[in-house]
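> Show me how the following folds:
(one chain, ligands or ions: 3)
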Amino acid sequence: MSTAKKEYKRITVKSLVDMKQHGEKISMLTAYDYSMAKIVDAAKVDVILVGDSASNVMAGHETTLPITLDQMIYHASSVIRAVHRALVVVDLPFGSYQSDPKEALRSAIRIMKESGAHAVKLEGGAEIKESVKRILAAGIPVMGHLGLTPQSIYKFGTYTVRAKEEEEADQLMEDAKLLEKLGCFGLVLEKIPAELTKKVSESLTIPTIGIGGGKYADGQVLVVHDLLGMTHEFNPRFLRRYMNLYEEMGKAISNYVDDVKQLDFPNDDEQY
Ligand SMILES: Nc1nc(=O)c2c([nH]1)NC[C@@H]1CN(c3ccc(C(=O)N[C@@H](CCC(=O)O)C(=O)O)cc3)CN21
Ligand SMILES: CC(C)C(=O)C(=O)O
Ligand SMILES: [Mg+2]
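Ligands and ions are numbered 1, 2, ... in the order given. You can find the predicted model right below:
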């Protein structure tokens with residue numbers, strides 16, 4: 001497998017299929033705001049996901065269910081203003097696509113029109129088939145999301161690993177093939193056994209992007225706040241932390257507080 005990296009000036013949905021064909025792994029991270037998206041884009045992350053995990057990370061909700069379409073558009077438009085290279089994918093939030101395919105298309109169009117994003121992501125398989133078809137027919141690229149689908153958390157009750165049993169694994173494989181057949185450009189596989197990710201990835205031409213899906217996915221995605229160590233209570237096995245920003249930021253901020261209290265800040269050079 002070649003590791004030679006082709007230079008991409010701007011990532012398109014086509015570049016991602018290209019990367020899979022050349023054996024180059026795809027990097028994907030979340031961003032919900034302008035400042036973070038600037039850093040993530042400059043670091044050459046291939047795909048930026050404006051995830052509905054903003055509901056947890058930005059707004060402090062327990063689940064992804066409360067975030068609204070308007071709020072997703074606000075996050076996405078902030079991200080888009082920062083991005084020059086990455087492909088920007090936006091999650092359709094809970095309640096904006098499940099009722100019927102027309103509503104799904106309307107929601108996807110609002111995201112594309114009002115934020116300038118490049119693609120949308122929907123959770124689910126066969127049950128959202130008609131919605132995926134409608135959105136794709138309008139020329140909007142769609143990414144699928146199977147395995148642990150946080151918008152259905154109350155149906156499952158836990159965030160444990162999915163598709164460990166043969167029946168659920170077979171269903172996931174069928175859904176993956178269906179999403180590819182419909183024309184999705186990629187597929188997120190969340191918290192499923194590595195061997196199932198391998199089977200799915202080998203069966204598809206479109207790239208799979210894993211989060212807790214193991215090493216055989218064609219790419220990896222994480223919540224950027226998790227890898228930076230800002231969400232210090234979130235500790236799933238699949239997460240690798242590259243920093244402990246929660247601690248680092250806490251130290252910097254308490255130093256500032258001390259300096260203000262001790263009349264050290266501002267000093268003579270820091271005033272007019
Ligand atoms: N900060 C953050 N990171 C994420 O990856 C993320 C979000 N928020 N919010 C939306 C979804 C929810 N996701 C999740 C949530 C929980 C686990 C998880 O493994 N939780 C427990 C185990 C629970 C169990 O086994 O019952 C853990 O080990 O932390 C994984 C992904 C992924 N997404
Ligand atoms: C975890 C990723 C795949 C996601 O859907 C999100 O951040 O909302
Ligand atoms: Mg999501």
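> I figured Lys129 hits Leu182, correct?
Yes: between Lys129 and Leu182 there is a contact under Cβ atoms under 8 Å: 6.8 Å. Bear in mind the C-beta positions are built from the backbone N, C-alpha and C, glycine included.
> Tell me who's in contact with Ile211.
Going by Cβ atoms under 8 Å, 6 or more residues apart in numbering, Ile211 touches Val188, Leu189, Glu190, Lys191, Gln220, Val221, Leu222, Phe238.
> Near the last one, how many other residues are there?
The number of residues packed around Phe238, counting by other Cβ atoms under 10 Å, is 15.
> Ok, the second one next?
Applying the criterion other Cβ under 10 Å, we find 29 residues in the vicinity of Leu189.
> likewise the first one?
Val188: 26 surrounding residues under other Cβ under 10 Å.
> I'd like to know which elements the one helix or strand it maps to is packed against.
Using DSSP states H and E, Val188 sits within strand 186-190. Here strand 186-190 touches strand 142-147, helix 166-182, helix 194-203, strand 208-211, going by 3 or more Cβ pairs under 8 Å, 6 or more residues apart in numbering; DSSP states H and E.
> who wins for proximity to ligand 3 among these?
Shortest distance between ligand 3 and these, using Cβ to the ion, is found for strand 142-147: 6.7 Å.
> buried residues in that closest one?
Of the residues in strand 142-147, Val142, Met143, Gly144, His145, Leu146, Gly147 count as buried by neighbour count, 16 or more other Cβ atoms under 10 Å.
> could you dump the residues you listed to CSV with distance to ligand 2 and pLDDT?
CSV is the format used below for the buried residues of strand 142-147 (distance: Cβ to the nearest ligand atom, whole Å; pLDDT from 0 to 100):
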residue, distance to ligand 2, pLDDT
Val142, 14, 99
Met143, 9, 99
Gly144, 11, 99
His145, 6, 99
Leu146, 11, 98
Gly147, 10, 98
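> how about those in JSON lines, adding distance to Ile48?
Converted to JSON lines, the buried residues of strand 142-147 look like this (distance: Cβ to Cβ, whole Å):
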{"residue": "Val142", "distance to Ile48": "16"}
{"residue": "Met143", "distance to Ile48": "12"}
{"residue": "Gly144", "distance to Ile48": "18"}
{"residue": "His145", "distance to Ile48": "16"}
{"residue": "Leu146", "distance to Ile48": "21"}
{"residue": "Gly147", "distance to Ile48": "21"}
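> Farthest pair within those residues?
Using Cβ to Cβ, these span at most 17.0 Å, a distance reached by Val142 and Gly147.
> returning to what we had before: now what about the strand holding Val188, what contacts it?
Contacts of strand 186-190 (Cβ under 8 Å, 6+ apart): 13, 16, 26, 121, 143-150, 162, 176, 179-180, 196-197, 200, 204, 206-213, 217, 219, 221.
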